[in-house]
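*Asks:* When you get a sec, could you give me coordinates for this:
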Amino acid sequence: MQCILTLAMFPWYMDEEKREQYKECSTLIDFEKTVHELQVQDIYYAKPTLLRRNEDGQIAAVYTLTTGCESCFPVRPESFINLSGLKIDAAFIRFFIFEEKRAVDSFFPYSEFIEFIKEKGAVKFDAERIKVQPLSKEDVAEFIGKFEK
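*Replies:* Here you go, the predicted model:
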């Protein structure tokens with residue numbers, strides 16, 4: 001069972017270990033500390049833009065990474081909101097190069113982006129998300145280079 005707490009800054013997808021721990025605890029000290037540590041971060045909490053294709057009704061989730069910005073992304077692209085009945089047919093990542101004030105003109109496969117940021121040292125944020133340190137425009141160029149043939 002998924003446990004999602006809607007908090008002041010962004011939701012917290014609590015993992016099974018924490019849920020079990022809080023069932024047995026006698027105080028809320030660890031809970032308060034954990035919530036505070038998550039919520040105090042100055043981080044971009046990625047949410048997708050949803051695009052629906054008129055021809056067939058398919059829905060794409062498009063996430064954006066901005067260079068130089070510590071960010072948090074869902075590992076599974078559909079775990080952005082708890083809506084029953086909404087099905088994501090495709091997921092993409094796009095990039096905004098902050099220092100050049102421009103967006104990269106293409107969308108790229110989200111699953112490959114997640115693998116790339118894991119290789120770059122992304123760490124667990126909560127049960128559904130990972131946190132990536134700021135990527136440079138060179139990092140973005142490295143990722144995009146995988147698709148240029």
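*Asks:* Under the pLDDT cut-off, which ranges of the protein? List them.
*Replies:* In the predicted model, the chain carries pLDDT under 70 at residues 1, 5, 8, 81-85.
*Asks:* Could you say which helix or strand holds the most far-flung residue of the chain relative to its centre?
*Replies:* Residue farthest from the centre of the chain, counting by Cα atoms, centre = their mean, is Ser26 at 32.5 Å. In the assignment (DSSP states H and E), Ser26 maps to no helix and no strand.
*Asks:* starting at the chain centroid, how far to stretch 62-76?
*Replies:* Offset of stretch 62-76 from its chain centre (Cα atoms, centre = their mean, to the nearest Å): 5 Å.
*Asks:* Same check on stretch 56-69?
*Replies:* Computed by Cα atoms, centre = their mean, the chain-centroid distance of stretch 56-69 equals 10 Å.
*Asks:* which other residues reach that stretch?
*Replies:* Contact with stretch 56-69 is made by 44, 46-53, 71, 73, 77-78, 80, 86-99, 103, 107, 110, 113, 132, 134-137, 139-140, as judged by Cβ atoms under 8 Å, 6 or more residues apart in numbering. All C-beta spots, glycine's among them, are computed from the backbone N, C-alpha and C.
*Asks:* Apply 6 Å and report the result again.
*Replies:* Applying Cβ atoms under 6 Å, 6 or more residues apart in numbering, the external contacts of stretch 56-69 come out as 44, 46, 48-52, 71, 77, 88-98, 134-137.
*Asks:* Among those, which lie within strands?
*Replies:* Judged by DSSP state E, the contacts of stretch 56-69 include 44, 49-52, 71, 90-97 as members of strands.
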